[in-house]
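Engineer: Sequence plus predicted model, see below.
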Amino acid sequence: MEKFVITGKTPLHGSTQVSGAKNVALKAIVAACLTDEEVVIRNIPLISDLYVMAEIVEELGGQAVIEGHTITIRVQKFASTTISLDRAAHIRTSVMFLAPLLAREGKAIIPNPGGCRIGARPIDRTIDGLTKMGVDIRYESSDGYFYAKVISKEKLSGVEYTFEKNTHTGTETLMLAAVLATGKTVLQNTAQEPEIDELIALLTKMGAKIKRTKDRTIEIDGVARLHGADFEIGPDRNEIVTLAIAAVLTKGDILVENAHKADLHSFLAVFEKAGGGYETKDTGIRFFYKSPIQSVDATTAPAPGFMTDWQGPWVILMTQAQGVAVVHETVYENRFGYVYNLKKMGALIQLFNPEIVNPETFYNFNSEDDQDYFHAAKITGPVNLHNAVVEISDLRAGATLVLAALAAQGTSTIYGLEHLDRGYENFEERLSQLGAQIQRIKED
């Protein structure tokens, strides 16, 4: 068992870089399996989720070679169309292997995906779309596997499909399936995250005929085959936001060298309104403390809105703000599990459910998955956070608790680092280089 030991109230100073985007790297690995040629993906984050995805590629009969921050994928032929329950249980993105397996082999056996438990996170929208493309899919509750098979002896069929609600994973999986399908596919009400556009750029480099024709519409003309490519992914937006808030919480001043303003508009708008300082430079973005933080409400939403992954860090910032702020989660039905730990550290947070006229259309999660969870938090600040022993419940909650410990008086201990390691590479080392008093300790 490993833990962080963090002594707070130390201002962060200096410059750092963020890793390549996790939400691009994992999907790019799946895209690489659509061709029998070599695909090189550069600037990958060396995180546990990526290693699991590489293991799945090898389990299916491919090669996945990691050298530095580059992974080279080649799947000349699938040796298996089944993903083991053990590996899939660790990562939600494993379900996306449905696309290359169905496109190239016409069948797939994949477990119900795992990953962070921040709600039900069903894949019903993905399953429905693939069914419309000519796939027979059944789920066996007895073993936890999806059994999928292309009905036609030919291959997947192009389709006009409209997602009932926004789905990042569903959009990407149907994109991956459609690039090798017969005919034209038009996907409506698709997710708009910039990471999806990066995946489109990779697929285009591989020979796919795919483009976003307008907001929330993607058109794909299926091709007979794809070829190899060399692709570099961009910086991780979630890491940038985490570091920006860390700078202000500790009354510090840091430069995130490879950060881009373009994909951060919805964050920077509320960050600046709250009094956070930032300056765009040729080499990145400087984030700094400039004045007492003011309370600003935030509501999570699919892109181009305020990301659900930024919700926890924003709550921490609001504990240090003047006044009362409300943070409303609309993407996942159960994403305030970390609040219990923040209260242990002295945070004044009240969970509640706002009155919504039509919750079925307002919220992005399925109403049947809402089991009386709270969807909003009222945060009163500023408070003097203090040290505590806390446990990480999921990836973004991990970053949230680290931020809380950096802002707190005294020395805190954080367990459950395996969740944080799924998305942040050498997080404690980079924070330490900025002046944070943080240690990773392995217990006997």
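Structural biologist: Looks like it came in fine.

Engineer: now the helices for the stretch 51-200 of the chain?
Structural biologist: Under the criterion DSSP state H, counting those that start in this stretch, helices of the stretch 51-200 of the chain are mapped to 85-88, 98-105, 124-132, 168-178, 194-205.

Engineer: Give me the contact list for stretch 429-438.
Structural biologist: 4-8, 10-14, 16, 246, 250, 252, 254, 402, 406, 428 (CB atoms under 8 Å, 6 or more residues apart in numbering). Backbone N, C-alpha and C define where each C-beta goes, glycine included.

Engineer: Could you rerun that using 7 Å?
Structural biologist: Stretch 429-438 has contacts (CB atoms under 7 Å, 6 or more residues apart in numbering) with 4, 6-7, 10-14, 16, 254, 406, 428.

Engineer: Stretch 258-270 too?
Structural biologist: By CB under 7 Å, 6+ apart, the residues outside stretch 258-270 that reach it are 17-18, 194, 235, 237, 240-241, 278, 280, 284-285, 296, 298, 304-306, 310.

Engineer: tell me how far the ends of that stretch are from each other?
Structural biologist: End-to-end span of stretch 258-270 (CA to CA, to the nearest Å): 21 Å.

Engineer: buried ones in that stretch?
Structural biologist: Neighbour-count burial for stretch 258-270, counted by 16 or more other CB atoms under 10 Å, picks out 258-259, 263-264, 266-268, 270.

Engineer: now those as a markdown table including secondary structure, distance to residue 158 and pLDDT?
Structural biologist: As requested, the buried residues of stretch 258-270 are exported to a markdown table (DSSP: H, G, I helix; E, B strand; the rest coil; distance: CB to CB, whole Å; pLDDT from 0 to 100):
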| residue | secondary structure | distance to residue 158 | pLDDT |
| --- | --- | --- | --- |
| 258 | coil | 38 | 90 |
| 259 | coil | 38 | 93 |
| 263 | helix | 30 | 88 |
| 264 | helix | 35 | 96 |
| 266 | helix | 33 | 96 |
| 267 | helix | 36 | 97 |
| 268 | helix | 39 | 97 |
| 270 | helix | 40 | 97 |
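
Engineer: just to revisit the earlier point, residue 351: which of the helices of the stretch 51-200 of the chain is closest?
Structural biologist: Closest approach to residue 351 among the helices of the stretch 51-200 of the chain (CB to CB): helix 168-178, 25.3 Å.

Engineer: Quick check: mean pLDDT of the closest one?
Structural biologist: In this model, helix 168-178 has a mean pLDDT of 95.

Engineer: And it, what does it pack against?
Structural biologist: Identification of packing neighbours for helix 168-178 by 3 or more CB pairs under 7 Å, 6 or more residues apart in numbering; DSSP states H and E yields helix 22-32, helix 98-105, helix 124-132, strand 184-188, helix 194-205, strand 217-221.

Engineer: deepest of these, which one?
Structural biologist: Ranked by mean neighbour count, these are led by helix 22-32 with a mean of 26 (mean count of other CB atoms under 10 Å).

Engineer: Residue 243 against residue 254, yeah?
Structural biologist: Yes - with contact defined as CB atoms under 7 Å, residue 243 counts as touching residue 254 (6.3 Å).
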